[in-house]
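K.L.:
Next one to model:
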Amino acid sequence: MQHWASMVLDNASRRGPLPSIPLVDIGSGGPIALFESEPARALEIIRLGRKQYGAKIIGGLDEMSRLWSSYAGNAYNDEITEIAAKLPRGAWFMNLCLEWGCTSGVMEDPKLPGMRLLRTLDWPFHGLGQNLVIAKQAGPAGEFYNLTWPAFVGVVQAMAPGRFAVALNQAPLVRRLTMPVYVDWLCNKVKTFTGRRIPPVHLLRRVVETCQTFDEAYDMLTKSPIALPAIFSLVGTERGNGCIIERLERRAFVLEAPVAAANHWFGKEFKPGKSRGIDSYRRHQLMTGYTLSHVAGFNWLKYPIVNEDTRLAMSANPKSGELTVQGFESYGPATEVFDLEVSSES
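P.N.:
The predicted structure follows:
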């Protein structure tokens, strides 16, 4: 930890001004419109992924992801197909890979009306922080701001002003106790790839596009069957409208705000699994403290909540319309801090 923190400080002293995060207004155009607006960023993400893990490995995982999505009859297959045709192999894998760590906290905003969602995404792929975009989108239920990447058709975190803010964490690895961890991982993948339920990232997209209220989002996130376990964070516009939703494929357990989530089960409803990411329990402990404090700005970005795998940090209040975002890479901050006040911007 000390080595990584000192490296970040050293890099910060050597680097010049950081780039800004683009705000791309695509209206109702969806992921195709975003890709067409920022094709160079999509190409760079795929290029870096192939360089990091090898073109053959990415190609094999890409084909597996495509076959599963086709078998499952995914509603967004046509979009991924159109995007993948314009990129090197990797777009299918990018859209269906959920091997990430995350930390989230839901709480009352200490300074403004409404609730606040704090969130970091840890995804060990190079380029995701520096190529992060904020897509201003419109669905049947209204506008939302999607923190995403060109060529990605799902939603991992978003704020819908006047409605809610949401985020997705990877759930712990289901363990079978007598098997090695890698065997459990493979068994879980086989179970996922032989199912036809919706992936959590695509359920979250459906939520932000179609749900008009916190209650509607809550119902969809707790009741919809999903392809694999997940952890959702949700805050609304009224005091007390906040929760963490721990999900199995057909079961849900809800923890009310103030509460935090990392990459292990915090509730006692489900059997313990293997936590994901870097020091999940410590991340959860730190974020729990922040949900009970008046921490301001990004002062909660302390190790290990922010670490070498972190690719973005977000603070969102859907009632006030305030959204604060920053991109990260393994070397530390990769973009300027993006601040948006929807009431004054619109």
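
K.L.:
Quickly list what the closest residue in space to G27 that isn't next to it in sequence is bridged to.
P.N.:
Nearest non-adjacent residue to G27, counting by C-beta to C-beta, 6 or more residues apart in numbering: A138, 5.3 Å away. From N, CA and C alone the C-beta is placed, and that goes for glycine too. When bridges are called by DSSP bridges, A138 pairs up with E143.

K.L.:
what's around A138, how many residues?
P.N.:
Using other C-beta atoms under 10 Å, A138 has 15 neighbouring residues.

K.L.:
May I see the buried residues of the longest helix belonging to the chain?
P.N.:
If you go by DSSP state H, the chain has its longest helix at helix 55-72. Of all the residues in helix 55-72, those buried under the rule 16 or more other C-beta atoms under 10 Å are I58, L61, D62, S65, R66, W68, S69, A72.

K.L.:
Stretch 44-53 now?
P.N.:
Quick answer for stretch 44-53 (16+ other C-beta under 10 Å): E44, I45, I46, R47, L48, G49, R50, Y53.

K.L.:
same check, this time on stretch 271-283
P.N.:
G273, S275, R276, G277, I278, D279, S280, R283.

K.L.:
now do stretch 242-254
P.N.:
G242, C243, I244, I245, E246, R247, L248, A252, F253, V254.

K.L.:
Name all residues that make contact with the residue nearest to H294 when sequence neighbours are not counted.
P.N.:
Once flanking residues are discounted, H294 sits nearest to P110: 3.9 Å by C-beta to C-beta, 6+ apart. P110 makes contact with R116, S293, H294, V295, A296, according to C-beta atoms under 8 Å, 6 or more residues apart in numbering.

K.L.:
of those, closest to I134?
P.N.:
R116 (17.8 Å; C-beta to C-beta).

K.L.:
The closest one sits in which helix or strand?
P.N.:
strand 115-122 (DSSP states H and E).

K.L.:
Please apply the same query to V155.
P.N.:
V155 belongs to no helix or strand, assigned by DSSP H and E.

K.L.:
again with I46
P.N.:
Counting by DSSP H and E, I46 is part of helix 39-53.

K.L.:
Which residues does Q170 form beta bridges with?
P.N.:
Counting by DSSP bridges, the residues bridging with Q170 are A230.

K.L.:
what about the strands in the stretch 51-200 of the chain?
P.N.:
Applying DSSP state E, counting those that start in this stretch to the stretch 51-200 of the chain gives strands spanning 101-108, 115-122, 133-139, 142-148, 157-160, 164-170.

K.L.:
wait, isn't W149 in contact with N131?
P.N.:
Yes. Counting by C-beta atoms under 8 Å, W149 touches N131, with 6.0 Å between them.

K.L.:
follow-up on the earlier one: give me the angle between the strand holding R116 and strand 142-148.
P.N.:
30 degrees (axes from the mean of the first three to the mean of the last three C-alpha atoms, to 10 degrees).

K.L.:
Quick check: can you name the pairing partners of strand 115-122 and their directions?
P.N.:
strand 101-108 (antiparallel), strand 310-317 (antiparallel).

K.L.:
Identify whichever of those lies nearest to A165.
P.N.:
Going by C-beta to C-beta, the one of those nearest A165 is strand 310-317, 4.0 Å.

K.L.:
Distance from the chain centre to that closest one, please.
P.N.:
Centroid separation between strand 310-317 and its chain, computed with C-alpha atoms, centre = their mean, to the nearest Å, is 9 Å.

K.L.:
related to what we said a few turns ago, what about the contacts of P110, which one has the most neighbours?
P.N.:
R116 (26 neighbours).

K.L.:
Check the gap between the residue nearest to it when sequence neighbours are not counted and M220 for me.
P.N.:
Using C-beta to C-beta, 6+ apart and skipping residues adjacent in sequence, the residue nearest R116 is D109, 4.2 Å away. Noted for D109: a distance of 24 Å to M220, by C-beta to C-beta, to the nearest Å.

K.L.:
Check R205 too.
P.N.:
Taking C-beta to C-beta, one finds R205 at 11 Å from M220.

K.L.:
Mind checking which of the contacts of P110 are in strands?
P.N.:
Within these, residues falling in strands by DSSP state E are R116.

K.L.:
Give the single residue among the contacts of P110 positioned nearest to Q212.
P.N.:
R116 (20.9 Å).

K.L.:
tell me the secondary structure for L301?
P.N.:
Assigned with DSSP: H, G, I helix; E, B strand; the rest coil, L301 falls in the coil class.

K.L.:
who's in contact with it?
P.N.:
T120, A313.

K.L.:
How about the one 4 residues further on?
P.N.:
Contacts for I305 were tallied using C-beta under 8 Å, 6+ apart; they are T103, T120, R283, L286, M287.

K.L.:
biggest separation within those residues, which pair?
P.N.:
Maximum distance among those (C-beta to C-beta): 10.9 Å, for T120 and L286.

K.L.:
Those two: which is more packed in?
P.N.:
Neighbour count, other C-beta under 10 Å: between T120 and L286, T120 has more, with 29 against 19.

K.L.:
low-confidence ranges in the chain?
P.N.:
1-15, 99, 174-196, 343-346 (pLDDT under 70).

K.L.:
just the helices in it please.
P.N.:
2-14, 30-37, 39-53, 55-72, 77-84, 91-96, 181-193, 200-210, 214-223, 280-291, 342-345.

K.L.:
hang on, the earlier thing: what's the angle between the strand holding R116 and strand 164-170?
P.N.:
Using the same axes, to 10 degrees, strand 115-122 lies at 30 degrees relative to strand 164-170.
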